[in-house]
Structure formats: structure tokens, C-alpha cells
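**Student:** below is the structure, and that's it, no one-letter string:
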């Protein structure tokens, strides 16, 4: 994306055909403002929707997975009307696996709020002066550790995220790339202002996805092998410059693993 096109996009003079969040290839502070409403969520962090979905993630998803049953239990436990489930995911369409719009909203809420939580305590002044920022590895490990409570449900989560669909294009991939973008922006990692901006973020995205897929199969105590895997992979990608060679590997690896996950899910039905 050229600087001229990026500037016009930010000024609203060019519209994009999808809901994918557009970011220019150089850091702009307004992209990282922490609002009450966290895009692409359409409700505030203190809303009823957030209350239900947050309760569900903390209490029922670890036991039941990212399923409608978990949401229904949270609604009942909070003493709310059962009809609430019909409006939770009104902006989503059912997926290939017939996941309800409410389940897709639960997944979206998980991805978006965890991304926000990862960097919410880093002061803007630290970023402006590059002072006391965490390393990229620290942020990567911290984000993986956030999913330890739902570690047993990651296979099902990946199966739903990897289905070719509008949800994949509008939510799953944008959130993956926004997470990689945030981890670089809020870390002490040196940024770039050319095509390396894209390749570096692709490398971080690749590291995160492969680490999460490893985590889905990891049986080690507290996912210690996953953390070591992420450390080694990130070192190879960022320190040895492998991110320039990872585009094809990322595409094929994700396709093969996603296909296997989908097959395993269909075999259960």
C-alpha cells in the first residue's frame, strides 16, 4: 500500500469492500487508542453483552468449549432472559459447522478482548519514548499464556476459525494480523517503514498460529513445551530473518493443519 493510498484511506476518501481494518504500514498512534468500544465489537466493555460473554469465557468455555451450551449456562447463571442469546450475535451469519451467530460472537469477543488486554497497561508515553517496553517474545508468551484456561478447547476453536467464510475474512484474519501488529508496536522491536513492515508481521502471525496449533496438542505441564516452541520459532523468524521465507510455508502449513482439524470435527458429527 502506497503512502498516498494509505493517507486517502485514513481520510475516508477511499472505501474498502470489506470490514477488514485498514492500517498504514507505518505506526500511527490513533490506531492504538484504547476506546470503550473495541472494534470490531459493536458494544461497550461494560455492556450486557460483554458481561455475558466475559462470564462465559471465564466459567463455561473451559468446560464446554466455544459452544452455545456454554453461553446458555452463563445466561442462566447470571439470571438473565434466555432470549438474550438471539441478539448476542446478530451481526454474524451461521458458519459451515452451523455454529450459531452467538457462538461466533463469543469467539470474536475472545480474540478481540485478549488482544486488547495484552497491551492495555503499557502507557503511551513509554511507546513515544521507547522506554521500558516489553520484548516481542514477552508479549508473544503472555498472549499464549492467556489461553491456558481454554487450552483443551483450542482444537475446536481453530476448526471454526479456519473455515473459508465471510467470518474468516472479516474477523479471524484481521484479528490475527492486528494482534501481530500490536505485539510489534507495543514491544521494543525495531519497526520498519517499507515492505519489511508486511513481512515482519507475517512472520509474527506465522509464529503465533503455529504456536497455538502446537498448544492445541500439547500435554506438557502448564504448556511448557508450547512456550519453548514459541521462543525457538520466534527466534528463527525474527533474529535469523526467516520471515522473508515464511509466506509460502505459512499458507501451506495453515491449510494442511486446518484441513485435518476440519476433517476431525466432521468425523465427530
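**Tutor:** Arrived safely. Worth saying up front: this structure is predicted, and the values here are computed from it rather than measured.
**Student:** how about the helices in this structure?
**Tutor:** Along the chain, counting by DSSP state H, helices occupy 3-10, 48-59, 61-64, 68-77, 85-88, 101-119, 124-128, 136-146, 154-161, 166-167, 173-185, 196-217, 224-234, 247-268.
**Student:** which residues are in contact with residue 189?
**Tutor:** 135, 136, 238 (Cβ atoms under 8 Å, 6 or more residues apart in numbering). Quick note: C-beta positions are derived from backbone N, CA and C, even for glycine.
**Student:** got the residues you listed as JSON lines, with neighbour count and pLDDT columns?
**Tutor:** Written out in JSON lines, the entries for these read as follows (neighbours: other Cβ atoms under 10 Å; pLDDT from 0 to 100):
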{"residue": "135", "neighbour count": "13", "pLDDT": "94"}
{"residue": "136", "neighbour count": "21", "pLDDT": "93"}
{"residue": "238", "neighbour count": "19", "pLDDT": "77"}
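**Student:** where does pLDDT dip in the protein?
**Tutor:** Under the criterion of pLDDT under 70, the regions of the chain flagged as low confidence span 1-35, 93-98, 192-195, 240-269.
**Student:** buried residues in stretch 231-240?
**Tutor:** Within stretch 231-240, the residues that qualify as buried are 233, 234, 237, 238, counting by 16 or more other Cβ atoms under 10 Å.
**Student:** any chance of the helices of the chain in a markdown table, with distance to residue 38 too?
**Tutor:** Supplementary listing: those in a markdown table, determined by distance: least, Cβ to Cβ, whole Å:
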| stretch | distance to residue 38 |
| --- | --- |
| helix 3-10 | 19 |
| helix 48-59 | 9 |
| helix 61-64 | 19 |
| helix 68-77 | 19 |
| helix 85-88 | 16 |
| helix 101-119 | 5 |
| helix 124-128 | 16 |
| helix 136-146 | 15 |
| helix 154-161 | 19 |
| helix 166-167 | 18 |
| helix 173-185 | 11 |
| helix 196-217 | 19 |
| helix 224-234 | 25 |
| helix 247-268 | 25 |
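**Student:** for residue 157, give its distance to residue 100.
**Tutor:** If you measure residue 157 against residue 100 using Cβ to Cβ, to the nearest Å, the figure is 15 Å.
**Student:** what's the answer for residue 202, then?
**Tutor:** 32 Å.
**Student:** ok, for residue 137, nearest residue in space, not its chain neighbours?
**Tutor:** Distances taken as Cβ to Cβ, 6 or more residues apart in numbering put residue 234 closest to residue 137, at 5.6 Å, once the chain neighbours are dropped.
**Student:** mind listing what the nearest residue to residue 155 once chain neighbours are set aside touches?
**Tutor:** Counting by Cβ to Cβ, 6+ apart, residue 216 is the residue found nearest to residue 155 once chain neighbours are left out, at 4.7 Å. By Cβ under 8 Å, 6+ apart, the residues touching residue 216 are 151, 154, 155, 158.
**Student:** let's see 7 Å
**Tutor:** Going by Cβ atoms under 7 Å, 6 or more residues apart in numbering, residue 216 touches 154, 155, 158.
**Student:** same thing with residue 205?
**Tutor:** Shown here is residue 205, whose contacts under the criterion Cβ under 7 Å, 6+ apart are 176, 177, 180.
**Student:** I'd say the last one and residue 203 touch.
**Tutor:** Put plainly, it is residue 180. No - applying Cβ atoms under 7 Å, one finds residue 180 not in contact with residue 203, separated by 8.3 Å.
**Student:** appreciated, that's everything.
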